[in-house]
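>>> sequence? don't have it. structure:
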C-alpha cells in the first residue's frame, strides 16, 4: 500500500480550511485565526481532529483493500 494522503486542517467553528502564512510553523498552545469566521482555533485541538480524520481514512482504505483481496481469494 503505497498511497499518500493529505488531510486539511479545518476550523473547529465553521469547517473552513485553516491557512497560515508561508513558512510559518505552529507549536502546541498556539491559536490559529480562521480567515473565514475570525474565530481562534487551538492548534492542539485542530491537529487532533485532523489525526482522527486521517486514521478513519486509512481504516476505510484498509477495510476496502482487505475485502477486495478476500473476495479474490475465494473465487
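Alright, I've got the coordinates. Here the structure is a predicted model, which is why all the values come from computation and not from measurement. Numbers count the residues shown, from 1 in each chain.
>>> from residue 36, how far out is residue 10?
10 Å (Cβ to Cβ, to the nearest Å). Glycine gets a C-beta too; all of them are placed from N, C-alpha and C.
>>> flag the shaky bits of the protein, pLDDT-wise.
Scanning the chain for pLDDT under 70 picks out 1, 75.
>>> residue boundaries of the helices in it?
Remark: helices assigned in the chain by DSSP state H are 43-73.
>>> mutual contacts of residue 10 and residue 36, please.
Counting by Cβ atoms under 8 Å, 6 or more residues apart in numbering, the contacts common to residue 10 and residue 36 are residue 16.
>>> have a look at those two and say which one is more surrounded.
Using other Cβ atoms under 10 Å as the criterion, residue 10 and residue 36 rank with residue 10 on top: 17 against 14.
>>> that one contacts residue 19, correct?
No: counting by Cβ atoms under 8 Å, residue 10 does not reach residue 19; the two are 10.8 Å apart.
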